[in-house]
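Colleague: can't give you the sequence, but here's the structure:
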């Protein structure tokens, strides 16, 4: 089982998860463009968590409490989907981690109810239609805004987090999990495509939210 030691050492109450969403998104580093080959994973994971709490707050629902066990289960599954190149709630490569319930129970058994959202969203800001070309000098694909003939750039950390949570909020089952008052704990993780710009498809992230309720 993969354990994110960096997250373990740095994601406590005194860090990003101890802030409210408004203070968190006012941090200057959230406005930085994500370097897709070497993202700040801890910052990105926290941004997804804080954007989730922002959605709860704006809909009059009590915010989530960060839970490290749920963070581990979500980060393990997000990483597995990237490393093993699959996108599904079910992990076909590990019987012990086949379902969200099993993944969470491997780490903790204290939750009476659990749920999971997953998502796959590209990390470049593009219009609906865009072009692709091979850059022989840099030996990578470029993704082109065909209207303005400019190269598409990655999201900032803040914009990507808000973009992903908006996608979930526009999907009925994902929205129900996000706004369900019975889920009071949350762990979130986003892992990005392993070889950005080396495929004709735009770079993407695979994301996981694990929810927990004690009652």
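Modeller: That came through, no problem. The shown structure was predicted, so the numbers you read here are calculated from the model rather than taken from an experiment. Residues are numbered from 1 along each chain as shown.

Colleague: Residues touching stretch 46-55, excluding its own?
Modeller: Contacts to stretch 46-55, defined as Cβ atoms under 8 Å, 6 or more residues apart in numbering, come from residues 11, 15-17, 19-22, 24-25, 30, 63-64, 66, 157-158, 160-162, 164-165, 169, 178-179, 186-190, 207, 209. C-beta here means a position set from N, CA and C on the backbone, and glycine is covered the same way.

Colleague: quick one: which of these sit in helices?
Modeller: Using DSSP state H, the members of the contacts of stretch 46-55 that fall in helices are 21-22, 24-25, 157-158, 160-162, 164-165, 169, 178-179.

Colleague: Residue 104: which of these is nearest?
Modeller: Of all the ones in helices among the contacts of stretch 46-55, residue 178 has the smallest distance to residue 104: 17.3 Å, by Cβ to Cβ.

Colleague: how near is residue 111 to residue 214?
Modeller: From residue 111 across to residue 214, the span is 6 Å (Cβ to Cβ, to the nearest Å).

Colleague: More neighbours: these two, which one.
Modeller: Between residue 111 and residue 214, counting by other Cβ atoms under 10 Å, residue 111 is the more crowded of the two (22 against 11).

Colleague: That one is in contact with residue 186, isn't it?
Modeller: No. Look at residue 111 against residue 186 with Cβ atoms under 8 Å: they stay out of range, at 11.3 Å.

Colleague: picking up where we left off before, only the buried subset of the contacts of stretch 46-55, as a ChimeraX command please.
Modeller: The buried residues among these can be selected in ChimeraX (16 or more other Cβ atoms under 10 Å) with this line:
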select :11,16,17,19,21,24,25,30,63,64,66,157,158,160,161,162,164,165,169,178,186,187,188,189,190,207,209
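
Colleague: Of the ones in helices among the contacts of stretch 46-55, just say which sits nearest to residue 106.
Modeller: residue 178 (23.9 Å).

Colleague: For the closest one, give me its contacts.
Modeller: 52, 55-56, 117, 165, 168-169, 209.
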